[in-house]
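>>> sequence unknown, structure follows:
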């Protein structure tokens, strides 16, 4: 039997380092975003006279959604058309005069001053025509803007405006339209993990970031795989964290903007991986340590480099050789060279044990 614990011995729970072939899956929390989302605003002011869509409708690019009362814009366009015609008639008259005066001047019948006056009138007449043409063109654009069409194919949100509503150019939101096939899922990962994942090609030749899986909040796995499409290094300068987006096809609209998603990147199986329980790891000044128990039941600290998390365990990349017995519970009560009395526990018991 075991000898009675001497008073100075601290009771700790221990486990041998686990060694086994381990599928490595990195997991991240993310949120679904629509690939395109646009708040549609009118470019003209007026009353909505026609509405051709309802909230929740799917629309095709170019489809007519609203009509803003075009009458005042049509009237303005006709007015500018009349003013342009008048300016053009005036210009024709001046041009005829100028040609006649040029000849008279060459014959010495009129002064240079009279000719110059007519030529400067000609320039003004041309400028007047150009100005009226520009005003007419803008008025015609406004008439066109009274028909509001879908900028891309997508789905209309439920808060669209009713016919009869007065809208202000560039201000009132008529409807929000979003395109959610494909969707993007936004998540963060550390620069180190990103580089690790980029370096791995699985047996199938797929990089883990080209074959991401989503686990939905009910625990089911989304049937289609996604791939990384955008890496934004600038967002969290200095923290070593990247904000990335992965794209997933969404033909059945299962993934909705704003939905929470767990992403998994499968790196493949690591042969003879060394694993330790998460709770056995102590972090001191950005370094990770475990407390190992020597044959003499003394404590020694070992610095470890951690890899992926696997359930309640960490993969240890370096720092252990796999033969160690490590303290799982009671680490806060021991220090280097403490004498301990060990109570071995199994991996199954990790879920049920409480701190001593």
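Ah, there it is. Just so it is clear, the structure is predicted and the values come from calculations on it, not from any experiment.
>>> any idea which element residue 34 lies in?
In this structure, residue 34 sits in strand 18-41 according to DSSP states H and E.
>>> Packing partners of the next helix or strand after that strand?
Following strand 18-41 in sequence order, the next helix or strand is strand 46-51 (DSSP H and E). Secondary-structure packing of strand 46-51 (3 or more C-beta pairs under 8 Å, 6 or more residues apart in numbering; DSSP states H and E): strand 64-68, strand 166-167. C-betas here are computed from N, CA, C, even on glycine.
>>> Just the mean pLDDT for strand 46-51, thanks.
Averaged across strand 46-51, pLDDT comes to 90.
>>> What are the buried residues along that strand?
The neighbour-count check on strand 46-51 (16 or more other C-beta atoms under 10 Å) flags 46, 48, 51 as buried.
>>> that older thread, and the strand holding residue 34, how far out from the chain's middle?
Offset of strand 18-41 from its chain centre (C-alpha atoms, centre = their mean, to the nearest Å): 11 Å.
>>> where does the stretch 101-250 of the chain dip in pLDDT?
When the per-residue scores of the stretch 101-250 of the chain are filtered using pLDDT under 70, the ranges that remain are 158, 196, 199-210, 230, 232-240.
>>> quick one: the helices in it?
When secondary structure is read from DSSP state H, counting those that start in this stretch, the stretch 101-250 of the chain shows helices at 112-145, 191-199.
>>> Distance to residue 76 added to those helices, as a markdown table?
Putting the helices of the stretch 101-250 of the chain into a markdown table (distance: least, C-beta to C-beta, whole Å) gives the following:
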| stretch | distance to residue 76 |
| --- | --- |
| helix 112-145 | 5 |
| helix 191-199 | 56 |
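>>> Let me know which of those helices is the nearest to residue 13.
Ranking the helices of the stretch 101-250 of the chain by distance to residue 13, with C-beta to C-beta as the measure, places helix 191-199 first at 30.4 Å.
>>> how big is the angle separating that closest one from strand 18-41?
Using axes from the mean of the first three to the mean of the last three C-alpha atoms, to 10 degrees, one finds that helix 191-199 and strand 18-41 are set 100 degrees apart in direction.
>>> Please shift the residue numbers so they start at 3 in all later answers.
Got it, the first residue is 3 from now on, which makes the last one we talked about helix 193-201.
>>> Show me what helix 193-201 is packed against.
Helices and strands touching helix 193-201, by 3+ C-beta pairs under 8 Å, 6+ apart, are strand 243-250, strand 262-279.
>>> Which of these has the highest mean neighbour count?
strand 243-250 (a mean of 20; mean count of other C-beta atoms under 10 Å).
>>> what angle do it and helix 193-201 make?
Going by the same axes, to 10 degrees, strand 243-250 makes 40 degrees with helix 193-201.
>>> neighbouring contacts of strand 243-250?
Under the criterion C-beta atoms under 8 Å, 6 or more residues apart in numbering, residues 32, 35, 37, 184-193, 196, 211, 214, 216, 224, 226-235, 237-238, 257, 265 lie in contact with strand 243-250.
>>> How about stretch 18-29?
Identification of contacts with stretch 18-29 by C-beta under 8 Å, 6+ apart yields 191, 195, 199, 210, 264-278, 309-312, 315, 317-318, 322, 324-328, 346, 349.
>>> which residues does residue 284 contact?
290, 291, 292, 293, 333.
>>> pLDDT-wise, what's the bottom of these?
Among these, residue 333 carries the weakest pLDDT, at 75.
>>> quick revisit: let me have the helices and strands packed on helix 193-201 in JSON lines, extended by distance to residue 117.
Below are the helices and strands packed on helix 193-201 laid out as JSON lines (distance: least, C-beta to C-beta, whole Å):
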{"stretch": "strand 243-250", "distance to residue 117": "69"}
{"stretch": "strand 262-279", "distance to residue 117": "79"}
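>>> re the thing from before, among the contacts of residue 284, name the ones in strands.
290, 291, 292, 293 (DSSP state E).
>>> My read is that the last one contacts residue 329, right?
Looking back up the chat, that one is residue 293. Yes: counting by C-beta atoms under 8 Å, residue 329 is a contact partner of residue 293 at 4.3 Å.
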